[in-house]
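Undergrad: coords please:
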Amino acid sequence: MLRNKNITDIKVGVLGGGQLGKMLALAAANWHLPLHFLDRSADFPAGLPGANFSEGSFKNYDDVLNFGRQMDVVTVEIEAVNTPALKQLQSEGVIVHPDPQKLDIIKDKGLQKQFYQQQQLPSSAFTLFEDGRSVKAAIRNGSLSYPFVQKARTAGYDGQGVAVINDENDLPKILPNASVVEQKVDINKELAVVVARNHDGEIRTFPTVEMEFHPVANLVEFLICPASIAQEIDQQAQDLAISVMKAFGISGLLAVELFLDQDNKIWINEVAPRPHNSGHHTIDSCPTSQFEQHLRAILNLPLGDTALNCPAVMINLLGSRVGTGPASYKGLAKSLSVNGANFHLYGKKITKPFRKMGHVTITDQNLERAREKARLVQSSIEISPTGTN
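TA: Okay, the predicted model is just below:
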């Protein structure tokens, strides 16, 4: 169906209007391809570049169904969408990426872990628990030992829904939710590979990245590309990401987060079937950004070049720990003078502690110099509620 249409005539609907939607809209604008968005408010980041914005809930069956029936293709920028509506749209002939059956697996971390087990893909051992009380009971009866990581099965994002329990002092952190509990991996590095697949089965990966996390917010603080790993480890990470994509068999992007342990073994952490924080640097450092690549994949177009033009370090711009309110940016003008720094502000009107408000990618032929510039930018910018600077 799509091959008989001009690209600019295809109606693409996106469930979610956050920063990922905004960057998808900016990528689509280069082709003069208008995207259509569904989210609660046109004041969200995608509202400005996405002129075709429908206000509604991507969690509501009727909202998703009515929105999707107007589209040729529907995709997501967030997992927590109404998949029964997507399945109905699929039955009516609307193209839906990722496949909602697979999306049901991915958005439940328990089903994700079971999927890797069934597919014989390397992931750490796990146990499923109904709630926090059953986790504590397992500790008491000796069937669960420290240290471990507890993850809410659904609705976790941006560091939320994860509790690292090292000893009994961390027991107050235990989540009340239905959860997955994994023994804590002795991590050497956290890596990620963003892989794309179109309907014809063409697959391309972006270069492996290394992620360093904020110690409090459990969010990516620094992203480094290329990752500082041996070539054979890099190849293993790329091959594993491709295997995961083939196992799911979806079209679009799949961000595959990985653990590299102290024995140089690679384990799957979790995946996201959409553009992802671990691929933001591609806007400035690769011939094809992850956002353009996602569009290419869901429209079944040839996938773009993913080679790294230049080493890159990305930092997330997070709201300060001080309160919630209208966002005020301090030090932005000074930071704009840093050579090679590419700023991407999301346009969120309200800042909250550790909320992602934007990102900066620093490109430089010297990776260590890019790191130094990233630290300078990070220390220069403060995003806090108006009146607290």
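Undergrad: T208 and L317: what is the separation?
TA: Distance, T208 to L317, using Cβ to Cβ, to the nearest Å: 24 Å. Bear in mind the C-beta positions are built from the backbone N, C-alpha and C, glycine included.
Undergrad: for L219, same thing?
TA: 11 Å.
Undergrad: Common neighbours of the two, please.
TA: Shared contacts of L219 and L317, defined by Cβ atoms under 8 Å, 6 or more residues apart in numbering, comprise K356.
Undergrad: residues near T386, how many?
TA: Counted with other Cβ atoms under 10 Å, the neighbours of T386 add up to 10.
Undergrad: Per-residue confidence, it, what does it come out as?
TA: pLDDT for T386: 90.
Undergrad: could you check the distance from it over to T83?
TA: Distance of T386 to T83, computed by Cβ to Cβ: 39 Å.
Undergrad: next one: K151
TA: With distances taken as Cβ to Cβ, K151 is found 20 Å from T83.
Undergrad: for the stretch 1-150 of the chain, what are the low-confidence residue spans?
TA: By pLDDT under 70, the low-scoring segments of the stretch 1-150 of the chain are 1.
Undergrad: next one: the stretch 151-300 of the chain
TA: For the stretch 151-300 of the chain (pLDDT under 70), the answer is 158-159, 217.
Undergrad: Going by residue numbers, what spans are strands in it?
TA: Along the stretch 151-300 of the chain, counting by DSSP state E, counting those that start in this stretch, strands occupy 162-165, 179-183, 187-197, 203-205, 209-213, 220-225, 252-261, 266-272.
Undergrad: I'd like these as a markdown table, with mean neighbour count appended.
TA: Formatted as a markdown table, the strands of the stretch 151-300 of the chain follow (neighbours: other Cβ atoms under 10 Å):
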| stretch | mean neighbour count |
| --- | --- |
| strand 162-165 | 18 |
| strand 179-183 | 21 |
| strand 187-197 | 22 |
| strand 203-205 | 18 |
| strand 209-213 | 19 |
| strand 220-225 | 22 |
| strand 252-261 | 23 |
| strand 266-272 | 20 |
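Undergrad: counting contacts, what elements does the lengthiest helix in the chain pack onto?
TA: Determined from DSSP state H, the single longest helix within the chain is helix 231-248. Counting contacts by 3 or more Cβ pairs under 8 Å, 6 or more residues apart in numbering; DSSP states H and E, helix 231-248 packs against helix 100-106, strand 187-197, strand 203-205, strand 252-261, strand 266-272.
Undergrad: Please repeat the previous calculation with a cut-off of 6 Å.
TA: strand 187-197, strand 203-205, strand 252-261, strand 266-272 (3 or more Cβ pairs under 6 Å, 6 or more residues apart in numbering; DSSP states H and E).
Undergrad: quick one: contacts of that helix?
TA: Contact with helix 231-248 is made by 102, 119, 191, 193, 195, 197, 203, 205, 208, 254, 256, 258, 266, as judged by Cβ atoms under 6 Å, 6 or more residues apart in numbering.
Undergrad: Same question for stretch 43-60.
TA: Residues from elsewhere that reach stretch 43-60, judged by Cβ under 6 Å, 6+ apart: 15-19, 21-22, 25-26, 34-38, 42, 63, 67, 81-82, 346-347.
Undergrad: show me where the protein has helices.
TA: 19-29, 61-68, 83-91, 100-106, 109-118, 132-140, 231-248, 282-285, 290-298, 332-335, 367-380.
Undergrad: Please work out which of these is packed deepest.
TA: Of these, the one with the most neighbours on average (mean count of other Cβ atoms under 10 Å) is helix 290-298, at a mean of 26.
Undergrad: and that one, how far from the chain's centre?
TA: Centroid separation between helix 290-298 and its chain, computed with Cα atoms, centre = their mean, to the nearest Å, is 14 Å.
Undergrad: on contacts alone, who are the packing partners of it?
TA: Helix 290-298 packs on helix 19-29, strand 187-197, strand 252-261, going by 3+ Cβ pairs under 6 Å, 6+ apart.
Undergrad: Can you pull the domain assignment for the chain?
TA: Using automatic domain parsing, the domain parsing of the chain gives 2-96, 125-183, 187-385.
Undergrad: Out of the ones you listed, which is closest to Q114?
TA: domain 125-183 (8.3 Å; Cβ to Cβ).
Undergrad: Report how far apart the opening and closing residues of that closest one are.
TA: 7 Å (Cα to Cα, to the nearest Å).
Undergrad: so who does the closest residue to V149 other than its chain neighbours touch?
TA: Leaving aside its chain neighbours, V149 sits nearest to E182 (5.1 Å; criterion: Cβ to Cβ, 6 or more residues apart in numbering). By Cβ under 6 Å, 6+ apart, E182 lies in contact with S124, F126, V149.
Undergrad: Could you measure from the last one over to G347?
TA: Separation of V149 from G347 (Cβ to Cβ) stands at 33 Å.
Undergrad: and those two? which has more neighbours close in?
TA: More neighbours surround V149 than the other of V149 and G347, with 19 against 16 (other Cβ under 10 Å).
Undergrad: close enough to count as contact, the more buried one and V185?
TA: No: when contacts are counted by Cβ atoms under 6 Å, V149 is not listed as touching V185 (8.2 Å).
Undergrad: which residues touch the spatially most central residue of the chain?
TA: For the chain, the residue nearest the mean C-alpha position is H276 (2.8 Å; Cα atoms, centre = their mean). Under the criterion of Cβ under 6 Å, 6+ apart, the neighbours of H276 are A255.
Undergrad: Tell me the spacing between it and Q101.
TA: Taking Cβ to Cβ, one finds H276 at 21 Å from Q101.
Undergrad: H214 now?
TA: Relative to Q101, and taking Cβ to Cβ, H214 is found at 34 Å.
Undergrad: surely M23 meets Q290?
TA: No: counting by Cβ under 6 Å, M23 stays clear of Q290, with 8.5 Å between them.
Undergrad: who touches both of these two?
TA: If you check M23 and Q290 against Cβ under 6 Å, 6+ apart, no residue is contacted by both.
Undergrad: per-residue confidence for V322?
TA: pLDDT recorded at V322 is 85.
Undergrad: number of nearby residues for N30?
TA: When neighbours are counted by other Cβ under 10 Å, N30 registers 11.
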